[in-house]
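J.: compute the structure for the input listed below.
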Amino acid sequence: MESKIFSFKVDGITLAPVSELLSTSPVFNRKEVLKQLKDVFKEDGYEVDERSLNYKIKDGQLFIEGLAVKKEEAKSIGFMTGR
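T.: Presented below is the predicted three-dimensional model:
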């Protein structure tokens with residue numbers, strides 16, 4: 001099974017200080033971000049493995065890291081019965 005590791009920079013989602021102890025991001029729709037990510041890999045025949053996703057903050061910027069797996073066509077198995 002073919003796989004790719006990726007790191008996806010989510011544009012516009014950066015941390016801004018609220019107080020000395022807290023920084024927050026603007027509100028965003030996680031499902032819309034995942035849809036953008038899936039569209040990137042769809043052209044090459046890969047699917048994002050949602051179980052592998054990690055949300056990381058690097059220098060105040062949100063990144064999504066994970067694994068994309070090549071779609072494999074299902075193989076049909078035929079059964080023969082003899083009478």
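
J.: end to end on stretch 23-31, go ahead and measure it.
T.: Terminal residues of stretch 23-31 are spaced 22 Å apart (CA to CA, to the nearest Å).

J.: cool, stretch 6-22 as well?
T.: 28 Å.

J.: three-state assignment of residue 39?
T.: State at residue 39, reduced to three classes by DSSP: H, G, I helix; E, B strand; the rest coil: helix.

J.: tally of neighbours for it?
T.: Using other CB atoms under 10 Å, residue 39 has 10 other residues around it. C-beta here means a position set from N, CA and C on the backbone, and glycine is covered the same way.

J.: equivalent analysis for residue 13, please.
T.: Count around residue 13 with other CB under 10 Å applied: 18.

J.: please apply the same query to the one 4 residues further on.
T.: In terms of burial, residue 17 registers 10 neighbours under the definition other CB under 10 Å.

J.: now residue 48
T.: Around residue 48 there are 22 residues (other CB under 10 Å).

J.: what distance do you get for it to residue 67?
T.: 8 Å (CB to CB, to the nearest Å).

J.: equivalent analysis for residue 52, please.
T.: 4 Å.

J.: neighbour count: these two, which is higher?
T.: A count of neighbours by other CB under 10 Å puts residue 67 above the other of residue 52 and residue 67, at 17 against 14.

J.: bridging residues for that one?
T.: residue 5, residue 49 (DSSP bridges).

J.: pretty sure it contacts residue 4?
T.: Yes - using CB atoms under 8 Å, residue 67 makes contact with residue 4 at a distance of 7.2 Å.

J.: quick one on the thing from earlier: intersection of neighbour lists for residue 48 and residue 67?
T.: The overlap between the contact sets of residue 48 and residue 67 (CB atoms under 8 Å, 6 or more residues apart in numbering) is empty.

J.: can you give me the helices for this protein?
T.: Applying DSSP state H to the chain gives helices spanning 30-42.
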